[in-house]
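Engineer: Pasting the sequence and the predicted coordinates here, then a few questions.
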Amino acid sequence: MNDMIDEIRRPEMLKDRMGSDNNELTLQPGFVELQTEYMRLFKSNKELLANMYYAKHVQQGILPNVRHFQRLFSDYFVMYKPQNIIGGDLYWICKKGNISYFAVGDCTGHGVSGAMLSVMALGFLNYLVLGKDFSEVGEVLQELDKKWIEAFQQGDEAGYNNDWLEIGLCAFNLDTRELQFSGAFNKLVYIENNELKELIGNKFPIGGWQLEKSRQYNTYTITISEGTAVYLFTDGFKDQFGVATKKRYSSRNLRNLLLRSSAFPMEKQGKLIDHEFDLYRGSEDQTDDVCMMGIRL
């Protein structure tokens, strides 16, 4: 992506690479045609980048902002790093009565296609949670799965869609301190009394190929003490290759990182985790979209 940006921002590179003598260049066979094609591609790529940056602006407007978080949580962070300008990872929060909901998801693909799916996922979450009544978050994911499938069951390609969503969804009761979690190829990590624990979601996504006869998303219910740190994240961080190791960061290292930083306020945790990602990645290309949400409840 950076190489492409450099190319379209520097049309004079064509001249630099082919020689410094303009007269000599003009005399070379096919130069005018090559120059014309280059400028056509330059204009096309410039328009493409402009559209992607505008799409980024729109996507950021749909995702929850600082004002929304501050209404629900006093101690939190969000790490959001699309692989390209826009991406398929998402985070979402809302409040209904005395229940605070929060989720992190990962849609198929990157860039434009992933971003469009993420917008659809956010719309479905708002529709289901705010517009309907569910006693368990697993029921929300089950309905989300149905809505996702219905969205793609159109025309001759119905039943052959492989677009999916991996998501972790939580509901926190402010009165009872009861926390519900349900996951589709996702998990919840929480740290309570300096001990890291995990709740593992179901091993199938939202949508995609329906290999199971009947999908039922489990709901885990726990009661947490005040000050418990909870984390939802996509697989982009753990799958990132390091410039020194040439290996993925790994789930084990990510768990250790969360445990080491859990005593700090969430804002500082977010900065430490972001710095660790950039330090490990170095000059390596970003492997995937990255999204992580940390909340102290």
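Structural biologist: Good, I have the coordinates.
Engineer: hey, let's count contacts and neighbours off CA atoms from now on
Structural biologist: Will do.
Engineer: Flag the shaky bits of this structure, pLDDT-wise.
Structural biologist: Applying pLDDT under 70 to the chain picks out residues 1-29, 154-161, 211-212.
Engineer: Can you name the next helix or strand after the lengthiest helix in the chain?
Structural biologist: The single longest helix within the chain, with elements called by DSSP state H, is helix 31-62. Note on helix 31-62: by DSSP states H and E, the next helix or strand toward the C-terminus is helix 66-72.
Engineer: what's in contact with stretch 53-60?
Structural biologist: Residues outside stretch 53-60 that contact it (C-alpha atoms under 8 Å, 6 or more residues apart in numbering): 85-86, 115, 119.
Engineer: out of those residues, what pair is the most spread apart?
Structural biologist: Farthest apart among these by C-alpha to C-alpha are I85 and V119. That separation is 15.1 Å.
Engineer: still on that earlier bit, could you check how far the longest helix of the chain is from the centre of its chain?
Structural biologist: In terms of C-alpha atoms, centre = their mean, to the nearest Å, the centre of helix 31-62 is set 24 Å apart from its chain centre.
Engineer: Tell me which residue lies nearest the centroid of the protein.
Structural biologist: With distances taken as C-alpha atoms, centre = their mean, D89 lies nearest the centre of the chain, 1.8 Å away.
Engineer: partners of it in the sheet?
Structural biologist: Under the criterion DSSP bridges, D89 forms beta bridges with D106.
Engineer: returning to what we had before: list the buried residues in the longest helix of the chain.
Structural biologist: Within helix 31-62, the residues that count as buried by 16 or more other C-alpha atoms under 10 Å are 42, 45-46, 52, 55-56, 59.
Engineer: Quick one: residues contacting D106.
Structural biologist: Applying C-alpha under 8 Å, 6+ apart, the residues near D106 are 88-90, 118, 165-167, 234.
Engineer: Most neighbours of all those residues, which one?
Structural biologist: Within these, D89 tops the neighbour count with 34 neighbours, counted by other C-alpha atoms under 10 Å.
Engineer: okay but it is in contact with D235, surely?
Structural biologist: No - using C-alpha atoms under 8 Å, D89 is not in contact with D235, being 9.8 Å away.
Engineer: what touches both of these two?
Structural biologist: Jointly contacting D89 and D235 under the rule C-alpha under 8 Å, 6+ apart are V290.
Engineer: Do a quick rundown of the strands in the protein.
Structural biologist: Secondary structure of the chain (DSSP state E): strands at 76-81, 89-96, 99-107, 164-173, 178-184, 187-192, 195-200, 206-207, 220-223, 229-233, 290-296.
Engineer: Tell me which of those approaches Q240 most closely.
Structural biologist: Checking those against Q240 by C-alpha to C-alpha gives strand 290-296 as the closest, at 9.1 Å.
Engineer: which residues touch that closest one?
Structural biologist: For strand 290-296, with C-alpha under 8 Å, 6+ apart as the criterion, the contacting residues are 73-83, 89-91, 104, 227-237, 266, 270.
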